[in-house]
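# sequence and predicted structure below; questions after.
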Amino acid sequence: MTENGKRKDAPGGGASAEQQSKKKKTGNAGKWKTTHQQARMAVAQNAIPQPGDVGIWVTCARRQENKAAREVTLLFEQYAEKLYGIKCEEDDATSEDEEAEDIEAAIKKEVEALNSKKDPSESNSIFTVMKMNVDCLLFVKTKAPVEPIELVRSICLDARDIKEHGQMKLRYVNRFTPATIMGKATEQGLVEVAKKIVAPFFELSGKVVETSVSEPEAAPVEGAPEPDANASAAAAELVASHPSDEEKKGAKPFTYAIRPTIRNHSKLKRDFVINQIAGLINADRHKVNLSTPDKVVLVDLYQAVCSMTVVDGDWDQLKKYNMTEIYNQAIKNNTSSSAPPKAEGEDTRSTPLKRED
């Protein structure tokens, strides 16, 4: 060692053998993955949801978007098989012993896949994870027959049954918000989407909601894909599957609440959004109930898109589809129920110690 206490470099300026042995021996990339594995687990960077898309907004822990994307992909695929009988492709993963033997065949398969590369929009995957350009936010685009509300609700209901932290299937994901219909985040786009989403559940007021006459079209985003016709058709099918006007008139009128969330958007304000949607609903038949509504209209505005969905009133009881809170409540309930009961007449008060003289 030198006089100033620093370690002396090895001859030639390189690290000494001792220093080299202490370096991390494993790469950051982890285990080698095939093209299929990488594509299935990838997060679409800078992708933008488009009008007509159907899917689920996902919030997650800060700087953990990639881990949350992997979690959500695996969980959604499990429930796709459980609810809809859709079995996603198995990974081509191999064990450590077999990997050396199969790597040549895997590389050959990868080269063939690159030579016959298809348009990404032609992917058969029913889940496409998009990373937004804000922290803690993802959007998972879904394809038929997946129904976002049913998928999210099933996950939340099952999460209430866990007994301990080890049973948690999500560690980085916070909240899910289904997006049944998506349109443009303009005054006219808001009204168009709202009419489609509330009509299956509520009688409309018949009022003409005023919008700006000379409202400009939202500027197209460079590099953004064309709206998915299949997604638009799926959204229309979801809306059409709800009760008809005659059935709604004979049924008990729903109370409702409107819950907007606005991110990276400054044109439409919260109060304006609420008033526009409420103005479409027949106020004589359907009353606002902010504490215990029968239905909740969820509105999400992000940049140039606006999504909506109508969920049941137990949205609040299901912690607003916040998985972290559902897990914590389930574990707390299990802990309190498993505590041994007190014996009848048992005095739990502590007896003070007597001082011996």
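Perfect, I can see it now. Residues are numbered from 1 along each chain as shown.
# show me where the stretch 151-300 of the chain has its strands.
Ranges of strands in the stretch 151-300 of the chain, per DSSP state E, counting those that start in this stretch, are 173-179, 181-184, 256-263, 295-302.
# counting by contacts, list what the last one packs against.
What that stands for is strand 295-302. For strand 295-302, the packing partners by 3 or more C-beta pairs under 8 Å, 6 or more residues apart in numbering; DSSP states H and E come out as strand 173-179, strand 256-263, helix 270-280, strand 305-312. Any C-beta I mention is one placed from the backbone N, CA and C, and that applies to glycine too.
# Lys163 is nearest to which of the ones you listed?
Of all those, it is strand 173-179 that lies closest to Lys163, at 19.7 Å by C-beta to C-beta.
# contact partners of that closest one?
49, 53-61, 68, 71-72, 136, 139, 148-149, 151-152, 155-156, 261, 298, 300, 307-309, 311, 320-324 (C-beta atoms under 8 Å, 6 or more residues apart in numbering).
# for that strand, buried residues please.
Residues of strand 173-179 classed as buried under the neighbour-count rule (16 or more other C-beta atoms under 10 Å) are 173-179.
# with just CA atoms, put that strand into CSV.
What follows is strand 173-179 as a C-alpha-only set of coordinates in CSV (Å, rounded to 0.1, in the frame of the first residue of the first chain):
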residue,chain,number,x,y,z
VAL,A,173,-48.6,-3.3,-8.9
ASN,A,174,-50.9,-0.9,-7.1
ARG,A,175,-54.2,-0.2,-8.8
PHE,A,176,-56.2,-1.4,-11.8
THR,A,177,-58.7,0.7,-13.7
PRO,A,178,-60.6,-1.0,-16.5
ALA,A,179,-61.0,1.0,-19.8
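# between strand 256-263 and it, find me the angle.
Strand 173-179 and strand 256-263 are oriented at 120 degrees to each other (axes from the mean of the first three to the mean of the last three C-alpha atoms, to 10 degrees).
# so for strand 173-179, mean pLDDT?
The average pLDDT within strand 173-179 is 98.
# how far does stretch 257-274 stretch from start to finish?
Length of stretch 257-274, first residue to last, C-alpha to C-alpha, to the nearest Å: 9 Å.
# list of residues touching it?
132-134, 137, 177, 185-187, 190, 277-278, 288-290, 293, 295-304, 306.
# same check, this time on stretch 282-296
201-206, 253-259, 278, 310-313, 315-316.
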